[in-house]
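Colleague: build me a model:
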Amino acid sequence: MSDALTCRTCGRSFELSAELQARYPGWAPEECPRCYRAGGATGRAPATGGRASAVEENLTLAGVLLKYSAGPDSGVFTDGSATPNPGPGGWGAVYVVDGEVVAQAHGADPDTTNNRMELTALIEGARLVPPGTPARVHTDSRLAVDTITKWAAGWEARGWKRKTGPVENLDLVREAFRIYAARPELELVWIKAHAGNRWNEYADSLSTAYSRDDL
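Modeller: Sure, this is the predicted structure:
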């Protein structure tokens, strides 16, 4: 497998499939397949090889459970999406203990961004866990993890300002930072996207439920 890449549009981590690596040796796109399909140009494959794309499965929850079984079986799993970005989007969060769903939630916004939905999913995911209960909260957005665990404290100390400009999605960043700072029993961790992890795929399905007739 290729090394993980980070989409410059939405902040998601992603990898090239073995097929794309073989077809476009040395290609390192700047956008994930989802943002590329939404109309971005920066992640296009070399002209000699044609356009590269991946199809979002958009499975129902039942479909995810039938197809996937790997990955951690306890914790909170969150995801957010917007297609196109910006555009209609959704978020999803599921709290699982020993492979059993304890609680889940999802929602949608008619005009949003991937990053806003990722942050919303983390906020709502934390609320699924009873206060004082240790849990790992998984997200496939490195940007969201770094925002909350590395950068937000410094921004707060500077009056919620960045050295290079305003803090994007400030309302959600402040709320997410407040929640996780107040709940040290929740460990925020990154998980690889679309790598066959059952509950990450489940959270992804929740986040795209707004685009389907069946949950």
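
Colleague: show me the contacts for the closest residue to Asn58 other than its chain neighbours.
Modeller: Take Asn58 and drop its neighbours on the chain: the residue closest to it by Cβ to Cβ, 6 or more residues apart in numbering is Thr208, 5.3 Å away. Quick note: C-beta positions are derived from backbone N, CA and C, even for glycine. Neighbour list for Thr208: Glu56, Asn58, Ser81, Gly90, Gly92 [criterion: Cβ atoms under 8 Å, 6 or more residues apart in numbering].

Colleague: for the last one, phi and psi?
Modeller: Dihedral pair for Gly92: phi -150, psi 150, per degrees, to the nearest 10.

Colleague: just grab the bridge partners of it for me.
Modeller: In this entry, Gly92 is beta-bridged to Asp79, His106, by DSSP bridges.

Colleague: what subset of the contacts of Thr208 is buried?
Modeller: Ser81, Gly90, Gly92 (16 or more other Cβ atoms under 10 Å).

Colleague: pretty sure the first one is touching Thr112, no?
Modeller: What it means is Ser81. No. Contact criterion Cβ atoms under 8 Å: Ser81 and Thr112 do not qualify, at 9.3 Å.

Colleague: now for these two: what residues contact both?
Modeller: Gly89.

Colleague: one step back: from the contacts of Thr208, which shows the smallest pLDDT?
Modeller: The lowest pLDDT within these belongs to Glu56, with 59.

Colleague: what's the offset of stretch 166-175 from the middle of its chain?
Modeller: Computed by Cα atoms, centre = their mean, to the nearest Å, the separation of stretch 166-175 from the middle of its chain amounts to 17 Å.

Colleague: stretch 155-163 now?
Modeller: Worked out by Cα atoms, centre = their mean, stretch 155-163 lies 25 Å from the chain centre.

Colleague: how about the CA coordinates for that stretch, as PDB?
Modeller: The C-alpha coordinates for stretch 155-163 follow below in PDB (Å, rounded to 0.1, in the frame of the first residue of the first chain):
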ATOM      1  CA  TRP A 155      -5.500  29.700  19.500                       C
ATOM      2  CA  GLU A 156      -7.500  30.000  22.800                       C
ATOM      3  CA  ALA A 157      -4.500  31.600  24.500                       C
ATOM      4  CA  ARG A 158      -4.300  34.200  21.700                       C
ATOM      5  CA  GLY A 159      -8.000  35.000  21.900                       C
ATOM      6  CA  TRP A 160      -9.000  32.400  19.300                       C
ATOM      7  CA  LYS A 161      -6.800  33.800  16.700                       C
ATOM      8  CA  ARG A 162      -4.200  32.200  14.400                       C
ATOM      9  CA  LYS A 163      -0.900  33.800  13.500                       C
END
